[in-house]
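In: need the 3D shape of this:
(chains A and B)
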Amino acid sequence: MKKFMNSADDFLKESLQGFGAAHQDIVNCHYDPSFITRATPTKEGKVALISGGGSGHEPMHGGLVGYGMLDAACPGFVFSSPTPDQMLAAAEKVDSGAGVLFIVKNYSGDVMNFQMAAEMMQGPNESVLTNDDVAVEDSSFTTGRRGVAATVVVEKIVGSLAEHGGSLQECKALGDKVNKNSGSMGVAFSSCTVPAAGKPNFDIGDDEMEFGVGIHGEPGRRRDKMKSAQEITNELLEAINEDLKPEANEEILLFVNGMGGTPLTELYLIYDNAKNMLDKKNIKISRSLVGNYCTSLEMQGASITLTKLDEELLKHWDSSVHTAAMRWGV
Amino acid sequence: MSVNFLIHRAKEIQAVIDANASEIEKLDQEIGDGDHIFNVQRGIKLVIELEAVIKDLPMSKALNQIAMKVLSGIGGSSGALFGTLFMTMAKGNDIDNGVDYKKAIEIFADGVEAVKQRGKADVGEKTMMDVLIPVSNCLKKGVEDNKDVKEILQEAIEVAEKGMFSTKDLLATKGRASFLGERAKGHIDPGARSSQLMIKTVCESVLNS
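Out: Coordinates of the predicted model:
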């Protein structure tokens, strides 16, 4: 394992300290328990948005704290859910009286810990559970689909509604709608190494890829031989389209997300290949996002997320945002 | 069962888990995300470090401290599930006036039921519940049938082992292993293995005392 680190124990703390110092105009980092808030307090009457999850997916979620998006984020250990004490401390800090909306990726650890926090919390709160990953079928025999990159889209759009005075119930409803309107699927070429573990999470051959991979490198649909970018992109989009069923002329957001170890050069190439296929199907790409937003440490790979956009979603996607990882309109 | 008993069992569990750490880690890397052993080791260490704080506390307060420590210190599913176990045990009726083996079994069984609700997992889903639920049932039945405590614990050790091995041929439907589908078959669930080891350690320790 080669990593920039001094000791596995201090890995997260030092990273969080650096993040806080680099973006002190946007965020405040708190420790014991750890959580990240905006540098300025929540406006009175504004619903507070709190998300969180295991670390190792940066910039999600700390990099999404700021005007127009989250009010707080709770980072867990690498690939391990944050805990109720973090969520309660964050809620106490950012709740301005209008309630707290928890945005939670559908992973059992996250769900259980956020659920316990919600049970222990005094004030009004709701949760949006994202489950956009189409790789694993939803059925009564599974914990359901995983929440992955579309969580970024949910946080952007609901963040805008909260900023513009949406109520707790309205924010929850919009979050559920964006999640329902979104589908994602990823592929990995290499594994990733959790610092405390010191060795790769899984083995994968030089000529292999994990198709439908999750954001911790956990297996997806199948192990395949490597293919061309266009073939991989087509297969990812076909899987998403089968689930999302966008209609011809429907407007969508095309989000090409890097897993951490794939250069932007390749992400834009995927974008080009995805556009080829979507153009053929007359699906209108009206908004785009390309970059590393929901990562899996140093994993080589990428995911594609499509979100069907209507006027309401477009408006909130376009509104101003000022976070460490996303900034426009300000 | 006293607070001192809990601390001593935690120390014994630490030794057994450490001795089996690489096996558990390997099981988790095959079907999970490889963090289970670290969570378990961290949790046990945190509980042992609580010794000075809890050794003179009443049972309910000691169990609650353990619950909060495990909950905040482990994280992930393990933290929430073990936190739920201890938090429920802390709510046991009248436990500050002494806990005999019948009471200990009663609060353990209540705890296991709460964990089952929290994780929404039952027997047959390739999780630690394949060990905990049968063990809880076996302990309760032993008390109902007025069996000797040594006989009950001996049976619990066997039931735990059987439950742990049963996960090998199961299809996972909960937790990260569920994303593997058929590929998870043939692997013992790491959570089932670690909880089986913990139960075996506690039961054997009582049997040998």
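In: from here on, just use CA atoms for contacts and neighbour counts.
Out: Fine.
In: packing partners for the helix or strand of chain B with the lowest mean pLDDT?
Out: Sorting the helices and strands of chain B by mean pLDDT, DSSP states H and E puts helix B:21-31 at the bottom, at a mean of 88. Counting contacts by 3 or more C-alpha pairs under 8 Å, 6 or more residues apart in numbering or on different chains; DSSP states H and E, helix B:21-31 is packed against helix B:36-49, helix B:190-207.
In: now the ones you listed in CSV, with distance to B:Ala172 and mean neighbour count?
Out: Output for the helices and strands packed on helix B:21-31, formatted as CSV (distance: least, C-alpha to C-alpha, whole Å; neighbours: other C-alpha atoms under 10 Å in any protein chain shown):
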stretch, distance to B:Ala172, mean neighbour count
helix B:36-49, 16, 20
helix B:190-207, 12, 21
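In: so which of the ones you listed is nearest chain A?
Out: When the helices and strands packed on helix B:21-31 are compared by C-alpha to the nearest C-alpha, helix B:36-49 sits nearest chain A, at 8.1 Å.
In: that closest one vs helix B:21-31, what angle?
Out: Relative orientation of helix B:36-49 versus helix B:21-31 (axes from the mean of the first three to the mean of the last three C-alpha atoms, to 10 degrees): 140 degrees.
In: quick check: mean pLDDT across helix B:36-49?
Out: For helix B:36-49, mean pLDDT rounds to 92.
In: please enumerate residues in contact with the helix or strand just after it?
Out: Toward the C-terminal end, the helix or strand that comes next after helix B:36-49 (DSSP states H and E) is helix B:51-54. Applying C-alpha atoms under 8 Å, 6 or more residues apart in numbering or on different chains, the set of residues contacting helix B:51-54 from outside is B:3, B:7, B:61-62, B:65.
In: equivalent analysis for stretch A:156-166, please.
Out: Residues contacting stretch A:156-166 (C-alpha under 8 Å, 6+ apart): A:45-49, A:67-70, A:171, A:174-175, A:178, A:313, A:316-317, A:319-321.
In: 6 Å instead, please
Out: Outside of stretch A:156-166, the residues within contact range by C-alpha atoms under 6 Å, 6 or more residues apart in numbering or on different chains are A:47, A:68-69, A:171, A:175, A:316-317.
In: which of those lies closest to chain B?
Out: A:Gly175 (23.7 Å).
In: which parts of chain B are helices?
Out: Here chain B has its helices, by DSSP state H, at B:3-19, B:21-31, B:36-49, B:51-54, B:59-74, B:76-90, B:101-119, B:129-144, B:149-166, B:190-207.
In: check the ones you listed for me: which has the lowest mean pLDDT.
Out: helix B:21-31 (a mean of 88).
In: and that helix with helix B:3-19, angle?
Out: Here helix B:21-31 runs at an angle of 70 degrees relative to helix B:3-19 (the same axes, to 10 degrees).
In: just the buried residues of helix B:21-31, please?
Out: Buried residues in helix B:21-31, counting neighbours by 16 or more other C-alpha atoms under 10 Å in any protein chain shown, are found at B:21, B:23-25, B:27-31.
In: repeat for stretch A:34-48
Out: Quick answer for stretch A:34-48 (16+ other C-alpha under 10 Å): A:34-39, A:42, A:45-48.
In: ditto for stretch B:93-103
Out: B:95, B:99, B:103.
In: gap between it and the chain center?
Out: Put simply, stretch B:93-103 sits 19 Å off its chain's centre (C-alpha atoms, centre = their mean, to the nearest Å).
In: can you list contacts of it?
Out: Taking C-alpha under 6 Å, 6+ apart as the rule, stretch B:93-103 contacts B:1, B:58-59.
In: same question, stretch A:178-191
Out: A:130, A:132-135, A:154, A:200, A:202, A:209-213, A:236, A:240, A:299-308.
In: what does the stretch 151-300 of chain A put close to chain B?
Out: Neighbours of chain B within the stretch 151-300 of chain A, by C-alpha under 6 Å from any C-alpha of the partner chain: A:Pro219.
In: ranges for the helices of the stretch 151-300 of chain A?
Out: A:168-180, A:229-244, A:264-280 (DSSP state H, counting those that start in this stretch).
In: buried ones in the second one?
Out: Judged by neighbour count using 16+ other C-alpha under 10 Å, the buried positions of helix A:229-244 are A:230, A:232-234, A:236-241, A:243-244.
In: quick one: low-confidence residue ranges for chain A.
Out: Applying pLDDT under 70 to chain A flags residues A:137-142.
In: with just CA atoms, put the least confident helix or strand of chain B into CSV.
Out: C-alpha atoms of helix B:21-31 as CSV (Å, rounded to 0.1, in the frame of the first residue of the first chain):
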residue,chain,number,x,y,z
ALA,B,21,-8.5,-12.0,13.5
SER,B,22,-6.9,-12.9,10.2
GLU,B,23,-9.5,-15.6,9.5
ILE,B,24,-12.4,-13.2,10.2
GLU,B,25,-10.8,-10.5,8.1
LYS,B,26,-10.4,-13.0,5.2
LEU,B,27,-14.0,-14.1,5.4
ASP,B,28,-15.1,-10.4,5.3
GLN,B,29,-12.9,-9.7,2.3
GLU,B,30,-14.5,-12.6,0.4
ILE,B,31,-18.1,-11.4,0.9
